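**Q** Return atomic coordinates for the entry below.
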Amino acid sequence: MAVADAEGTLSQATAQFVNEDYDEAVETFSLAIELDASLTAAFTGRAAAYLKLDKHTEALQDANTAISQDAQCEVAYYRKGLACFELEEYETALAAFKQGQTLVTEKNAPKRNYGRWVRKCETEIEDSEEEMEVVDDDEPPAAPAPAAAAAAETPVETPPAPPAPRTLSYQHYQSLSHCTVSVMEKKVKPEEATVEFLGAGLKITVARAGAEPVELALALYDEIEPAACTYKVLGTKIEIKLKKKSPFQWPQLEAGGAAVLPAAGGGAAGVAANNSASAYASGTDWSKVDKSMTEELEKEKPEGEEALNELFKSIYGKANEETRRAMNKSFQTSGGTVLSTNWGEVGTTDYEKERQAPNGMDWKTWEGDKLPMKDDNKD
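**A** Okay, here's the model as predicted:
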């Protein structure tokens with residue numbers, strides 16, 4: 001009985017996910033897991049909902065659980081790759097995408113687009129390796145001059161130069177409505193990070209236990225809506241989402257490229273020398289990559305029954321609740337012979353009494369008795 005309940009709960013969670021009720025979907029997937037912890041589809045489904053909610057660590061845990069239950073579960077590797085990529089674990093993401101690529105069916109291959117994700121991971125890994133290369137251009141120290149006659153005098157010690165204040169490095173990317181700033185600071189606890197959203201500025205403070213606070217203050221190119229801005233503290237970075245007051249592409253993140261906001265106490269807060277920060281983490285222009293992949297997908301457009309199913313999915317996904325209700329009722333109660341989007345007609349029609357069948361075919365019971373159909377009374 002529990003397994004049957006779990007299957008029904010899983011169907012309900014899937015419907016909530018399709019309707020973009022991701023928080024509700026997570027709760028319902030969790031209930032399905034409580035009813036049957038061996039239900040791999042519940043873990044992969046909850047992983048998908050977590051990804052939509054930007055809960056990448058939780059999504060990774062569910063994907064790993066699904067893989068431990070079924071090592072041939074292709075979608076679990078796909079969602080593990082997505083979660084690891086967002087967590088900047090590019091090598092793990094690459095391995096997951098490559099494994100999923102070996103398991104994906106021809107039908108799902110265009111949707112997964114493994115080739116694109118593999119290339120993105122490889123590019124990020126290459127860029128990380130380049131950043132890690134250290135080039136030592138320092139000149140060897142000059143040999144000390146011979147001692148002079150005046151060496152007997154007491155030498156004057158030159159005090160060491162004070163260390164340069166530590167700064168926070170960052171990267172950013174944007175859409176017309178938002179700008180996302182990623183502060184590249186690892187292993188920060190949520191209580192150690194403070195983010196202040198100003199009218200046309202942003203201030204981030206990281207205060208670790210036993211260390212001096214580090215600040216980053218930015219005068220932004222244009223105004224933002226502070227009440228609509230958010231941030232998250234992740235394992236590898238602090239991700240800040242700024243809501244633009246006016247929807248347009250900023251030519252750069254900072255006003256004037258090098259403005260500094262006053263820090264607390266009247267001093268100047270440290271600002272990372274990042275005026276040329278890339279709009280992407282790796283410096284790669286992913287818009288060009290996306291364009292290239294779009295051209296490839298255009299050549300792989302679905303045909304026949306697959307194209308028809310994709311059309312129905314598109315209609316259902318964009319439809320309102322009344323249209324979806326009409327599609328569900330007409331298709332299910334007619335035995336798959338009618339699919340209507342007109343609830344005004346579907347709501348008053350009993351498809352079980354007004355059955356229709358393709359030309360030359362009849363509805364019959366399992367015993368072979370003919371059932372009444374809509375056209376039986378026509379001359």
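
**Q** Now N342. Nearest residue, chain neighbours left out?
**A** A326 (6.0 Å; Cβ to Cβ, 6 or more residues apart in numbering). From N, CA and C alone the C-beta is placed, and that goes for glycine too.

**Q** right, and the one you found touches L339 too?
**A** No. Using Cβ atoms under 8 Å, A326 is not in contact with L339, being 9.1 Å away.

**Q** Neighbour count for those two, which is higher?
**A** Neighbour totals were compared for A326 and L339, and A326 leads with 21 against 15 (other Cβ atoms under 10 Å).

**Q** Y231 falls within a strand, correct?
**A** Yes. Y231: assigned to a strand according to DSSP: H, G, I helix; E, B strand; the rest coil.

**Q** That one - how many residues pack around it?
**A** Residues near Y231, counting by other Cβ under 10 Å: 20.

**Q** in the sheet, who's paired with it?
**A** I240 (DSSP bridges).

**Q** T349 in helix, strand or coil?
**A** coil.

**Q** Contacts only, for it.
**A** For T349, the contacting residues are S330, by Cβ atoms under 8 Å, 6 or more residues apart in numbering.

**Q** Check what pLDDT it gets.
**A** Looking at T349, its pLDDT is 75.

**Q** report the longest helix in this structure, please.
**A** helix 114-132 (DSSP state H).

**Q** which helices and strands does that helix pack with?
**A** With contacts taken as 3 or more Cβ pairs under 8 Å, 6 or more residues apart in numbering; DSSP states H and E, helix 114-132 sits against helix 74-86, helix 90-103, helix 286-298.

**Q** For the longest one, the averaged confidence score.
**A** Meaning helix 90-103. 92.

**Q** So which elements touch whichever helix or strand comes after that helix?
**A** Where DSSP states H and E defines the elements, the next helix or strand beyond helix 90-103 is helix 109-112. Using 3+ Cβ pairs under 8 Å, 6+ apart as the contact criterion, no helix or strand is in contact with helix 109-112.

**Q** List the buried residues in helix 109-112.
**A** R112 (16 or more other Cβ atoms under 10 Å).

**Q** Show me the shaky parts of the chain.
**A** Along the chain, segments meeting pLDDT under 70 span 1-4, 128-165, 257-290, 294-308, 332, 334-337, 351-360, 363, 365, 373-379.

**Q** Strands along that one, start to end?
**A** 170-174, 178-183, 193-197, 201-206, 214-219, 230-233, 238-243 (DSSP state E).

**Q** contacting residues around the last one?
**A** Strand 238-243 is touched from outside by 177-183, 185, 188, 193, 195, 197, 202, 204, 206, 220, 224-225, 228-232, with contacts defined as Cβ under 8 Å, 6+ apart.

**Q** Which among those residues count as buried?
**A** Buried among the contacts of strand 238-243 by 16+ other Cβ under 10 Å: 178-179, 181-183, 185, 188, 193, 195, 197, 202, 204, 206, 220, 224, 229, 231.

**Q** on that earlier part again, any chance of the strands of the chain in TSV, plus distance to A48?
**A** Below are those laid out as TSV (distance: least, Cβ to Cβ, whole Å):
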stretch	distance to A48
strand 170-174	23
strand 178-183	21
strand 193-197	28
strand 201-206	31
strand 214-219	34
strand 230-233	19
strand 238-243	20
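
**Q** So for D70, which of those sits nearest?
**A** With Cβ to Cβ as the measure, strand 230-233 is the member of those nearest D70 (30.8 Å).

**Q** Setting aside sequence neighbours, what's the nearest residue to S38?
**A** Nearest to S38 is Q69, by Cβ to Cβ, 6+ apart, at 6.5 Å.

**Q** Go ahead and confirm that neighbour touches F43.
**A** Yes. With contact defined as Cβ under 8 Å, Q69 reaches F43; the gap is 7.3 Å.

**Q** Counting neighbours around each, name which of the two comes out higher.
**A** Remark: of Q69 and F43, F43 carries more neighbours, 27 against 15, as counted by other Cβ under 10 Å.

**Q** right, and the more buried one touches A59 too?
**A** No. Counting by Cβ under 8 Å, F43 sits too far from A59 to count as a contact (10.0 Å).

**Q** all helices of the stretch 201-350 of the chain, in order?
**A** 286-298, 304-318, 321-333, 343-346 (DSSP state H, counting those that start in this stretch).

**Q** so how many other residues sit close to Y316?
**A** Neighbour tally, Y316, other Cβ under 10 Å: 15.

**Q** who touches it in this structure?
**A** Here Y316 is in contact with 18, 324, 327 (criterion: Cβ under 8 Å, 6+ apart).

**Q** Make CSV from those and add neighbour count to it.
**A** Putting these into CSV (neighbours: other Cβ atoms under 10 Å) gives the following:
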residue, neighbour count
V18, 13
R324, 18
M327, 21
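
**Q** can you count the residues close to the closest residue in space to A207 that isn't next to it in sequence?
**A** Once flanking residues are discounted, A207 sits nearest to P213: 4.1 Å by Cβ to Cβ, 6+ apart. By the criterion of other Cβ under 10 Å, P213 has 13 neighbours.

**Q** A319 touches S340, doesn't it?
**A** No. Using Cβ under 8 Å, A319 is not in contact with S340, being 11.8 Å away.

**Q** shared neighbours of the two, which are they?
**A** M327.

**Q** Y90 touches E124, doesn't it?
**A** Yes. With contact taken as Cβ under 8 Å, Y90 and E124 are classed as touching, separated by 4.4 Å.
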